[in-house]
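Undergrad: Below are the sequence and a predicted model; questions follow.
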Amino acid sequence: MRSPVLLAALLALGLSTGARAASAQASATTATTITVDVVAGLSILKISDIDFGVVPAGSGANTLLATDPGAGGFHILGDRGRDVTVTITAPPIITSGGNSLPFAAAASVNETADDPAAATPATVGAGFTMKLRDQAPARNGRLGYVYVHGQITVAPAATPGVYTGVVTITAEL
């Protein structure tokens with residue numbers, strides 16, 4: 001005889017639950033806040049190209065450091081204190097006609113001064129984050145400094161010629 005009592009209790013529970021759902025509101029209202037952070041934007045100024053100079057065939061690994069005159073130099077200009085993501089894309093080889101030399105790109109960054117000797121290593125390929133800081137030459141904006149350098153390998157059988165490649169630098173807020 002417990003079954004009819006249990007069934008009646010379950011039926012009553014179901015009806016009361018259904019009654020609560022039927023009494024829900026037919027509309028609801030909420031609000032959201034609009035926010036925008038207007039910035040001056042970003043610019044990249046190329047100071048120098050990457051130039052390994054004259055290298056003899058068979059010289060093997062030739063390394064260009066951030067402090068060497070041939071290192072590529074870039075100034076990133078934007079709003080003070082902003083975190084900027086910088087991505088450097090470099091080819092694995094540089095070419096002269098149908099000939100190629102291996103190129104292993106490297107990068108360094110300095111957030112406080114245009115001083116490659118005090119720069120810290122940065123990644124090439126994957127993006128890295130740097131902060132734009134107050135700099136005297138920036139006036140109304142703030143600067144960060146990026147240096148691109150690396151290594152080429154010149155085998156004894158390397159064909160003479162001018163080898164070139166393109167390194168791309170992108171900065172994003």
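TA: Noted; the coordinates are in hand. Residues are numbered from 1 along each chain as shown.
Undergrad: In contact with the residue positioned nearest the centre of the chain, which residues?
TA: Centroid-nearest residue in the chain, with Cα atoms, centre = their mean: Gly127, separated by 2.8 Å. Residues near Gly127 by Cβ atoms under 8 Å, 6 or more residues apart in numbering: Thr85, Val86, Thr87, Glu172. The way it works is simple: take the backbone N, C-alpha and C, and place the C-beta from them, glycine included.
Undergrad: mind redoing it with 6 Å?
TA: Thr85, Thr87 (Cβ atoms under 6 Å, 6 or more residues apart in numbering).
Undergrad: Which pLDDT value goes with it?
TA: Gly127 carries a pLDDT score of 90 in this model.
Undergrad: Could you list the low-pLDDT ranges of this structure?
TA: For the chain, the stretches with pLDDT under 70 are 1-23, 134-141.
Undergrad: can we see that at 50?
TA: For the chain, the stretches with pLDDT under 50 are 1, 10, 19, 138.
Undergrad: Next, the buried residues of stretch 156-172.
TA: Neighbour counts over stretch 156-172 (16 or more other Cβ atoms under 10 Å) mark Ala158, Tyr163, Gly165, Val167, Ile169, Ala171 as buried.
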